[in-house]
Every structure is written in C-alpha cells, then in structure tokens.
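1. sequence and predicted structure below; questions after.
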Amino acid sequence: MLGVMTRNPVSPVPINMLMQPPPLVHSPKFVQKLRWALDPIGYLNQSRDRYGDLFGGDISGALKQPLYLVGHPEAMQFVLSHDNRELSAPGEANALLESVVGRNSMMLIDGDRHRKRRQIVMPPFHGERLKSYGDLICQLTHEVINQWPLDQPFCARDAMQTISMRVILQVVFGLHQGDRYKQLETLMAKRLGLVSSPITALLIFFPMLQADLGPWSPGGYIKPLQAEIDQLLYDEIRTRRAELADEDPSSTLKGHRTDILSLLISARDETGAGMTDEELRDELITLLFAGHETTATALAWALYWAHARPDVYTQLMDELATLGANPTPMAVVKLPYLSAFCNETLRINPVGFVTFPRRVEQPINLLGYALEPGMLLMGCIYMLHRYSSVYSEPAKFRPERFIDHTFSPYEFMPFGNGTRRCVGAALAQYELKLAIATILSRCKLKLAKQSPIIAQRRGVTLAPRGGVMLQLLERKPIVAASVAV
C-alpha cells in the first residue's frame, strides 16, 4: 500500500528530487465530484484501500484543483499545527459554503481578521458561560420528550433537530417564544432541509444548481426563503443592540443577558472594534449551520447506539442511577461512561468527517511524497478515526476504549483541530451529554427497525440513513420542574 506509516512521516525541506507528488484518484473529474457528493464513505474507503493514507481527488465544486486527503495521525498533526508557516488555512478554500453562511462567516475569512473574530466568538462557549446553559438545555429536552407519541414510531433525527434548533434559538440567539422565534424556527428548518439528503446536497457541491431560474428552481426557492430569514435576524440584531444600549448603567441587572448574540454584540477585539450587523448575521447563520445540524445528528447516532447495544444501554442506565433524583448538569457531564459513550459515538460516526483545507506554502515531505506550494490538503477525520494502529477493531462500537486509553487531540478530533477547530465544540459536547442523559432517564425506547443503520451525506456532514426510527414505550414524569435530568 502506498503512503504507509514511515519512521519520519513528515518533514520540511529539502525534498529529494526523486520524490513524487501524492497519487491522484484515477477517475473522471465529474464522476469523482458526483460520488463525493452522493457516496463519500464509499469514495473514501475505496481510495484509501487503493492509494493509502494520502491521495488527491477532484472533489470540490468550487475549486479548480485537486484536494489531497490525509488520514494518517502524525501527518494530520503536522498539517493542522503548522498554520502560517509551512501551511496556511485560507478562507477562500471554503467558498462553496458562502451561499449558506455568508461571506463574513468565520469559515470564510482568514489571517488576522480570522484571529480577531475567534477572539470575540470563543469566550461565550466556555467556562462559567457554558455552565449557565445547562438547565435550559435539559428543560428544552423535556419539552420535546413530552411531544413524542406513545407506541408509535418517530424519527429520532427529526426530534433531535427540534431540540438542537431550540437550543440555538434560545442559548445562541436569545429568543424565547414569540412570533419571531416561531418564524425563525420554521424558516430555518426549511432552509437546512434543502441539503438534508445526498441528492439535495448537490446544491452545495454543484453551485450552478443554485441559479435562480424561476420559482420552481432550487435557486428560485432558496433566495426568498433566505431573504425572510435575513430580515428576521437583522430585526433581532437591531432590537438587541437598542436594548443593550438603553440599559441603565447603575442597574444591578446590567449585562444580565447571557445569550451568545448579546455577548457577541457587546464583545470587542483587541483594538476595541465590535462586529457589524452583517458579520453578526453571518456568524449566527454559521453557528446555526455548524451547531444545529451537527449536534442533532450526533444525538441521533447516540440514541441509535444506546438502543442497538443492550450491554451499552445497561451500563449507561446503571451509571445514571448513581446520581439520584436531582443531579446537577455538571454532575451529569462528568460521568465517565457517559463521556466515553459520547466520544465513541463521535469517533465511529464523525458528523463532520473532514477538516477545513490547508494550503501548502513551503515545499514539504509528507509520508514520503513531495508537496509543493499551492497544493490544498484536507484532513480526513473519518479515516483517522478508523486508523487500526490507533483504534483496535475500529469498526466496532466500544466506549471502553475511551476509559482504557487517553487519545491525543490528533488521534481523536471530532471537531477538527488547529486554528479552525469548531468554536462551539464545548457547547456541542455539553448538549450531547445532557440531552442523552435526560432522554434515557425519562424514556424507555426501542428501535423500530433492528437492521444496522449506515451513514449517508447530509449537506457537508454524515447522518444516519433513515434518521433512526424509535418507538416510545414509556415516558416517566419529570421529578421536579428544576431538575436537570
């Protein structure tokens, strides 16, 4: 096999003149793009088996050059930890997402502007701010549980989407019911639903399909829908700015809002500059797109594995029982087996299965191949999480592996790594643990279908085909209104 692990898998210059560039997938460009859009797992498995840990493919709908995919742990560590030296993280390499998140999104900007934006956006997702969202996440989960029908199959992915959407609207956007809340919940679900299957995901990978050819074309439908969403978001941003500006400086309630939008409006970078309305809009859409979609899918996968493996379910329930009737959110998220279970879910079914691209800036020897300036590299989380020298029996669901061993940030990276690591990773993990614990504690469920579920593309993520059909057998009452789980 080409590209196997070597003693020194990565090194900067000099490059031996006899070294060759990484192999390219031998298939017509259009066929590769189509397969990448419709069957990314098949494309990755076949290419890795044939070409090894590093290979190039014509898989981007927006770029005019190959993307080189790498799944070797040490090579990925080099690629993701050398930004602005041998490699950079260009925002324009993510241009295919502009139609979804906007040109001011942190996904699409780079350099000093990207660094300053991360300084503004990161703090609300960590520390004490994060802890303050725990009770709300549990409350929203309880509300959705109460809507599930007894003894009737329902789609777990759809139900988890409702939870994650409400978390985004209330925790991130700071909206709590009302007309604007209801309108945004409905409209944004429609917008995200346009890339919910491999076929509709073609809208992202083939930008020409987004052209506005009239009301019956995809572009003709998306444009007015996005305009409605934007108007609601801009109205909320302006309303929130006015509310924050009118706060009484002497009031003990000043700065009492903890939602992320209010914190972003008030935040300033090192130069004292805040974010414009357009930048706020694009970051809100980015957080919705990256946080809502990915968390809902991770929750669906977790519910599948909890009920597909009776032994895993038993261990989860035994551990939850040790907390008693009124556990705090922080007590829940510290449970070792629950944490291992969530990590194994994210390992075996990484929702975001590739990293953002890096561009080669200086000649590099990577896995014995010569990389020249201008080449684009993309870490493949799916291949990394199935690397057999890191994970024994990688195709098996084994939460114990995260109790028996500590994996490095470059062996386990469900949220990417480096300068473009997901800013909402801590919130996503927090929500995943709390929502799963809440559901398992209150509900007795079973899989409506016992056949194994495989992953398929949903936009730029991997989701369970069919959405995981569950059946609610029993729903326990909430112990108390303030109870976290």
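-> The structure has been received and is ready for your questions.

2. what's the helix or strand hosting residue 165 packed up against?
-> In this assignment (DSSP states H and E), residue 165 forms part of helix 156-167. Counting contacts by 3 or more C-beta pairs under 8 Å, 6 or more residues apart in numbering; DSSP states H and E, helix 156-167 packs against helix 134-145, helix 179-193, helix 293-308, helix 425-442. In this view, the C-beta of every residue, glycine as well, is placed from N, C-alpha and C.

3. comparing these by mean pLDDT, which bottoms out?
-> Mean pLDDT is lowest for helix 179-193 among these, at a mean of 87.

4. tabulate the CA atom coordinates of that helix in CSV.
-> Output of helix 179-193 as CSV, limited to C-alpha atoms (Å, rounded to 0.1, in the frame of the first residue of the first chain):
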residue,chain,number,x,y,z
ASP,A,179,-43.7,35.5,16.7
ARG,A,180,-40.0,36.0,15.7
TYR,A,181,-39.0,32.8,17.4
LYS,A,182,-41.7,30.7,15.7
GLN,A,183,-41.0,32.2,12.3
LEU,A,184,-37.2,31.6,12.6
GLU,A,185,-37.8,28.0,13.8
THR,A,186,-40.0,27.2,10.8
LEU,A,187,-38.0,29.0,8.2
MET,A,188,-34.6,27.8,9.2
ALA,A,189,-35.7,24.2,9.4
LYS,A,190,-36.9,24.6,5.8
ARG,A,191,-33.6,26.2,4.7
LEU,A,192,-31.5,23.5,6.3
GLY,A,193,-33.8,20.8,4.9
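
5. report the angle between the axes of the helix holding residue 165 and helix 425-442?
-> 120 degrees (axes from the mean of the first three to the mean of the last three C-alpha atoms, to 10 degrees).

6. what about helix 156-167, average pLDDT?
-> The model assigns helix 156-167 a mean pLDDT of 93.

7. and residue 289, how many neighbours?
-> By other C-beta atoms under 10 Å, 24 other residues sit near residue 289.

8. ok, now residue 34?
-> Quick note: residue 34 (other C-beta under 10 Å) scores 17 neighbours.

9. got a list of what it touches?
-> By C-beta atoms under 8 Å, 6 or more residues apart in numbering, residue 34 lies in contact with nothing.

10. part of a strand, is it?
-> No - under DSSP: H, G, I helix; E, B strand; the rest coil, residue 34 falls outside any strand and is assigned helix.

11. mind listing what's buried along stretch 226-233?
-> 226, 228-229, 232-233 (16 or more other C-beta atoms under 10 Å).

12. let me have those in CSV, extended by pLDDT and distance to residue 153.
-> Output for those, formatted as CSV (pLDDT from 0 to 100; distance: C-beta to C-beta, whole Å):
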residue, pLDDT, distance to residue 153
226, 87, 33
228, 92, 33
229, 91, 31
232, 93, 33
233, 92, 35
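
13. dump these to TSV, plus secondary structure and distance to residue 38.
-> Shown next, in TSV, are these (DSSP: H, G, I helix; E, B strand; the rest coil; distance: C-beta to C-beta, whole Å):
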residue	secondary structure	distance to residue 38
226	helix	25
228	helix	30
229	helix	27
232	helix	33
233	helix	32
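
14. and of these, the nearest to residue 356?
-> Nearest to residue 356 out of the buried residues of stretch 226-233 is residue 226 (C-beta to C-beta; 23.1 Å).

15. who's in contact with the closest one?
-> By C-beta under 8 Å, 6+ apart, the contact list for residue 226 reads residue 191.

16. on that earlier part again, I would like the residues contacting the helix holding residue 165, please.
-> Residues outside helix 156-167 that contact it (C-beta under 8 Å, 6+ apart): 133, 136-137, 140-141, 143-144, 148, 185, 188-189, 291-293, 295-297, 299-300, 303-304, 431, 435, 463-464, 467-470.

17. quick check, residue 97 in contact with residue 106.
-> No - checked against C-beta atoms under 8 Å, the pair residue 97 and residue 106 is beyond contact range at 11.0 Å.

18. hang on, the earlier thing: which ChimeraX command selects the buried ones in the contacts of helix 156-167?
-> Listed next is the ChimeraX selection for buried residues among the contacts of helix 156-167, using 16+ other C-beta under 10 Å:
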select :133,136,137,140,141,144,148,188,291,292,293,295,296,297,299,300,303,304,431,435,463,464,467,468,469,470
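
19. which residue packs closest to the most centrally placed residue in the chain, ignoring adjacent ones?
-> Geometric centre of the chain, nearest residue: residue 294, 3.9 Å, by C-alpha atoms, centre = their mean. What sits nearest to residue 294 in space, not counting adjacent residues and going by C-beta to C-beta, 6 or more residues apart in numbering, is residue 351, at 4.5 Å.

20. the one you found and residue 21, how far apart?
-> 31 Å (C-beta to C-beta, to the nearest Å).

21. now residue 342
-> In this view, residue 342 and residue 21 are 39 Å apart by C-beta to C-beta.

22. tell me which of the two has more neighbours.
-> residue 342 (26 against 14).

23. okay, and the more buried one sits in which element?
-> helix 336-348.

24. which secondary structure elements does that helix contact?
-> Helix 336-348 sits against helix 293-308, helix 310-321, helix 401-404, helix 425-442, with contacts defined as 3+ C-beta pairs under 8 Å, 6+ apart.

25. can you map out the strands along the stretch 51-200 of the chain?
-> When assigned using DSSP state E, counting those that start in this stretch, the strands of the stretch 51-200 of the chain occupy the ranges 54-57, 67-70, 87-88, 153-155.

26. tell me which residues in stretch 393-406 are buried?
-> Those would be 397-399, 401-402, for stretch 393-406 by 16+ other C-beta under 10 Å.

27. tell me how far that stretch lies from the chain's centre.
-> Here the centre of stretch 393-406 is set off from its chain's centre by 21 Å, with C-alpha atoms, centre = their mean, to the nearest Å.

28. report pLDDT for residue 445.
-> Listed pLDDT for residue 445 reads 97.

29. contacts for the helix or strand hosting it, please.
-> The secondary structure element spanning residue 445 is strand 443-447 (assigned by DSSP H and E). Contact with strand 443-447 is made by 145, 148, 303-304, 307-308, 439, 468-476, as judged by C-beta under 8 Å, 6+ apart.
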